[in-house]
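S.K.: The amino acid sequence is not available; the structure is as follows:
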């Protein structure tokens with residue numbers, strides 16, 4: 001995931017990020033606010049030893065297909 005991708009999907013991403021990686025506080029997410037460099041810094045700060053695993057998860061999250069809207073039956 002790169003800076004533009006993070007910024008574009010920040011609202012969806014931050015909810016799942018906090019759910020999967022619970023050390024991120026609401027304040028952390030507010031400070032990051034879609035900024036890739038700040039995100040990487042907070043990852044290092046909160047999960048230094050697990051940084052590689054978290055970044056791998058973030059890339060996999062970005063690569064997963066978007067949920068398709070459910071069509072109503074007529």
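M.R.: Ah, there it is. Fair warning: this is a prediction, and the values are worked out from it, not measured in the lab. Residues are numbered from 1 along each chain as shown.
S.K.: now the helices for this structure?
M.R.: Taking DSSP state H as the test, the helices found in the chain are 3-8, 10-20, 26-32, 36-47, 51-63.
S.K.: Can I get those helices in a markdown table including mean neighbour count and mean pLDDT?
M.R.: Yep, even glycine has a C-beta here, placed from its N, CA and C like the rest. Below are the helices of the chain laid out as a markdown table (neighbours: other Cβ atoms under 10 Å; pLDDT from 0 to 100):
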| stretch | mean neighbour count | mean pLDDT |
| --- | --- | --- |
| helix 3-8 | 14 | 88 |
| helix 10-20 | 15 | 90 |
| helix 26-32 | 14 | 94 |
| helix 36-47 | 16 | 93 |
| helix 51-63 | 14 | 91 |
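S.K.: residue contacts, residue 63?
M.R.: With Cβ atoms under 8 Å, 6 or more residues apart in numbering as the criterion, no residue contacts residue 63.
S.K.: Residue 2 now?
M.R.: residue 36.
S.K.: For it, grab phi and psi.
M.R.: With angles defined as degrees, to the nearest 10, residue 2 sits at phi -110, psi -180.
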